[in-house]
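> Following is a predicted model, sequence given first.
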Amino acid sequence: MNKNLLLLAISQIFSFTAAPVTVFLSGIIGSQISPLKSLSTLPMSISVVGIAIGAIIATKAMSLIGRKAGFIAASIGNFLASLLAAYSIMDQNFILFCFANFFIGVGMAFTHQYRFAAAESVEINKVPKAISIILLGGIVSAFLGPSMANYGKDIVTDQLYVGSYLSLAILTIIPAILFLFYENTSKLESNIKSSGRSFLELISQPRFLQALIASAFGYAIMTLLMTATPLSMHVMEKMSLSKTGLVIQFHVVAMFLPSLITGNLIKKFGHSNIMYAGVFLYSITVVASFFDQTFFNYLFSLVFLGFGWNFLFISGTSLLALTYKEEEKFKAQGLNDFIVFSVHALGSLSAGILIVLTSWKIMNLICIPLMILIVATTLRAELLSKK
């Protein structure tokens, strides 16, 4: 654990609070201030679009000004976006609230770059463990963010939830202070003579494609089912909000808790085997959908969904770090994150429609072709690497 990795791990705890707070509050606030109830979840969807677009902005910005300046600027940006969200709630301005969520999403794209910065701060054989350490902070964020938002919601009298975003502003500005002590370890784009291979050349590598598919479709499956869970449980199966919330909380813990061992497992068994394991864990979730939809069934399913995502996302990210040269890392990382979070956005936007038009069981079955694609891409990369 060197200084940079420690700063990234601590900053992750505070920066990543923006994600669970957005999931926790944006739909509720949207339903209160939007002109149409059907637009209630638009702020949440726009924040995911912000992450996808922000992936390109984040990698380009840091290739020009460095990780340190980029992370500090993003922290300040998240602080200002949170203040804008607070003002929009006070002003009952739905459009402004959507803009604030978009910029919070862009800031989250910079936070997702922490894992690449962590990979650069350690020796190549320690990359999976470094990424695991960063993601482990997500457990603390998942409880810290919503708790602060809940306790702070009444800070401003007669303006419910304004205080929640003021609390988020305080949390997200902390990394700006921490990163003052961060040391840039990679070259800027202006100091690199060659821009490296083209996007097509990068993605045509079997290992690059394997890493990209595992991360992107692993994320898509998780997002699709996680986003549909509250609707399936609370609206369709008439389960209480407290039970629904408990399932989501356990799911979030399951997403990040395996990070304690995932890095070591990748080092021992290899990236491909951990990807196969991630798909197997997803298959348990799919099989569970064929049984009666009870509280414990949802709990069981969402826990294994979280485990599977962790295996696929960490193995995909750490494998990606082995597929590009120093001079093309920002290009490769930007391409990867743009595709990963665009697919993530598509999963988020389509979940509500699919669960209404189909059923929980059908939605699980829809995930099977995506799981097969992950396995097929991994098998292809394995076979080609042996030639």
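Thanks, I have the structure now.
> hang on, Ile203 packs against Phe338?
No. Between Ile203 and Phe338 there is no contact under C-beta atoms under 8 Å: 11.7 Å. The way it works is simple: take the backbone N, C-alpha and C, and place the C-beta from them, glycine included.
> neighbour count winner among those two?
Neighbours were counted for Ile203 and for Phe338 using other C-beta atoms under 10 Å; Phe338 has more, 20 against 16.
> Can you name the residues that contact that one?
Neighbouring residues of Phe338 by C-beta atoms under 8 Å, 6 or more residues apart in numbering: Ala52, Ala55, Ile56.
> Are any of the residues you listed buried, and if so which?
Buried subset of the contacts of Phe338 (neighbour count, 16 or more other C-beta atoms under 10 Å): Ala52, Ala55.
> Counting only helices, which of the contacts of Phe338 make the cut?
Among the contacts of Phe338, DSSP state H puts Ala52, Ala55, Ile56 in helices.
> Quickly find the element holding Ala142.
Under the criterion of DSSP states H and E, Ala142 resides in helix 127-151.
> Might you list the low-confidence residue ranges for this structure?
Low-confidence segments of the chain (pLDDT under 70): 1, 38, 186-195, 241.
> what's the domain layout of it?
According to automatic domain parsing, the chain comprises the domains 1-179, 196-387.
> could those domains go into CSV alongside distance to Thr185?
Listed next are the domains of the chain as CSV, based on distance: least, C-beta to C-beta, whole Å:
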stretch, distance to Thr185
domain 1-179, 6
domain 196-387, 11
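> okay, the angle between the helix or strand that the helix holding Ala142 is followed by and helix 127-151?
Per DSSP H and E, the first helix or strand lying C-terminal to helix 127-151 is helix 162-178. Here the directions of helix 162-178 and helix 127-151 differ by 150 degrees (axes from the mean of the first three to the mean of the last three C-alpha atoms, to 10 degrees).
> who are the neighbours of helix 162-178, in terms of helices and strands?
Secondary-structure packing of helix 162-178 (3 or more C-beta pairs under 8 Å, 6 or more residues apart in numbering; DSSP states H and E): helix 3-15, helix 18-33, helix 42-90, helix 127-151.
> okay, these in TSV with distance to Leu349 next?
TSV is the format used below for the helices and strands packed on helix 162-178 (distance: least, C-beta to C-beta, whole Å):
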stretch	distance to Leu349
helix 3-15	24
helix 18-33	13
helix 42-90	5
helix 127-151	22
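> List the buried residues in the strand or helix carrying Gly316.
Secondary structure from DSSP H and E places Gly316 in helix 295-320. The neighbour-count check on helix 295-320 (16+ other C-beta under 10 Å) flags 297-320 as buried.
> can you give me the helices in the stretch 151-300 of the chain?
Assignment of helices within the stretch 151-300 of the chain using DSSP state H, counting those that start in this stretch yields the ranges 162-178, 199-203, 206-230, 241-256, 259-269, 271-288, 295-320.
> Just give me the neighbour total for Met255.
Every residue meeting other C-beta under 10 Å relative to Met255 is counted, giving 24.
> For Ile266, which non-adjacent residue is spatially closest?
Spatial nearest neighbour of Ile266, chain neighbours left out: Pro128 (4.0 Å); criterion: C-beta to C-beta, 6 or more residues apart in numbering.
> Name all residues that make contact with the one you found.
Contacts of Pro128 (C-beta under 8 Å, 6+ apart): Thr262, Gly263, Asn264, Ile266, Lys267, His271, Ile314, Ser315, Ser318.
> switch the cut-off to 6 Å
By C-beta atoms under 6 Å, 6 or more residues apart in numbering, the contact list for Pro128 reads Gly263, Ile266, Ser318.
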